[in-house]
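In: what follows is a predicted structure for the sequence shown.
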Amino acid sequence: MADSAPPRPAATILVLRDRDQGFEVLMLRRNLRSDFVGGAYVFPGGGVDPGDASPRTHARILGLSDAQASRRLGLVSGGLAYYVASVRELFEEAGLLLACDASGQSVATSTALARALSHEREALNAGDLEFVDLLEREDLYVDATALRYLAHWVTPVGPPRRYDTRFFVARAPADQVAAHDQGETVAHRWLRPRDALEAHRRGEFEMIFPTVRNLEALIQFSRVDQVLEYAEGLDAIPRIEPQLVERGGVVVPVIEGEEGPSS
């Protein structure tokens, strides 16, 4: 276990939309050939890239400084990069861009802008464009105040690929349509948290432990505003790093102080 890889900084985002029967969360199915949780349904997210922390990128972030973001995440510095990473990964993987103009007003996605963003998303995923290039080219900004910090999970010691992941939650932009990237992700679905959990328990919907636990935390709510208010009111968000233990011949993740996984 001493040789286990150090966890890579990462960010994940739960985007929500209201519906008559309760809010839904966007989930993406990872490519079956992926070497990390292939085939599982997850929230959009991924590793924090160097560009997420660059001064150029931070000049395109409104409503939150690195010092403020770092305090919220319990870091000395570098917190704003996690916010940027969650927004960037959401756009790369699901095609939704949480953007505004220089005054902080949401930008209506015209046909021309939607077409430009589609091409820029392709270039971004191909490695031919950086996220900050897109923001500058379209004169867009990320409104960091739209995001709420929700949870902090670290991959257990043992797996070759580990992540130190900050989870955020935000309302989905009303005038945009989600679409998986057909590369890292091969399907997308909007689901009520309860429905996703029930499908998982029936064995119809593969999810990993942190995904399950974050959905479980939301089933008490019926509207997006309630979830955002809940996340806003969280004070000290604990760092959760499960341990892998063998039970009945099966290795399962266990959180200290709990009997075992709830799924």
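Out: Noted; the coordinates are in hand.

In: which residue packs closest to residue 145, ignoring adjacent ones?
Out: Leaving aside its chain neighbours, residue 145 sits nearest to residue 63 (3.7 Å; criterion: Cβ to Cβ, 6 or more residues apart in numbering). (C-beta placed from N, C-alpha, C; glycine too.)

In: so which bits of stretch 115-123 are buried?
Out: Neighbour-count burial for stretch 115-123 flags 117, 120-121 (criterion: 16 or more other Cβ atoms under 10 Å).

In: re the thing from before, which phi and psi does the residue nearest to residue 145 have?
Out: phi 90, psi 0 (degrees, to the nearest 10).

In: burial count for it?
Out: The number of residues packed near residue 63 is 15, by other Cβ atoms under 10 Å.

In: do residue 49 as well
Out: Residue 49 has 17 neighbours, counted by other Cβ under 10 Å.

In: can you check residue 88 too?
Out: 30.

In: all helices for the stretch 101-250 of the chain, in order.
Out: 111-125, 131-137, 193-201, 209-216, 224-232 (DSSP state H, counting those that start in this stretch).

In: please state the offset of the shortest one from the chain centre?
Out: When you say that, I think you mean helix 131-137. The chain centroid and the centroid of helix 131-137 are separated by 20 Å, computed with Cα atoms, centre = their mean, to the nearest Å.

In: could I get it in CSV with only the CA atoms?
Out: Coordinates of each C-alpha in helix 131-137 appear next as CSV, following Å, rounded to 0.1, in the frame of the first residue of the first chain:
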residue,chain,number,x,y,z
PHE,A,131,-10.6,26.7,-22.1
VAL,A,132,-9.3,30.3,-21.6
ASP,A,133,-9.0,30.7,-25.4
LEU,A,134,-12.7,29.9,-25.7
LEU,A,135,-13.7,32.4,-23.0
GLU,A,136,-11.6,35.2,-24.5
ARG,A,137,-12.7,34.5,-28.1
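
In: and that helix, what does it pack onto?
Out: Other helices and strands packing on helix 131-137, by 3 or more Cβ pairs under 8 Å, 6 or more residues apart in numbering; DSSP states H and E, are helix 55-58, helix 80-94, helix 111-125.

In: report the mean per-residue pLDDT for the last one.
Out: When you say that, I think you mean helix 111-125. Averaged across helix 111-125, the pLDDT comes to 91.

In: kindly report the same for stretch 243-258.
Out: Mean pLDDT, computed over stretch 243-258, is 79.

In: so which bits of it are buried?
Out: Applying 16+ other Cβ under 10 Å to stretch 243-258 flags 253-255 as buried.

In: so which of these sit within strands?
Out: Applying DSSP state E to the buried residues of stretch 243-258, the entries found in strands are 253-254.

In: any residues touching stretch 232-241, and which ones?
Out: The contact list for stretch 232-241, computed with Cβ atoms under 8 Å, 6 or more residues apart in numbering, reads 74, 148-157, 210, 255.
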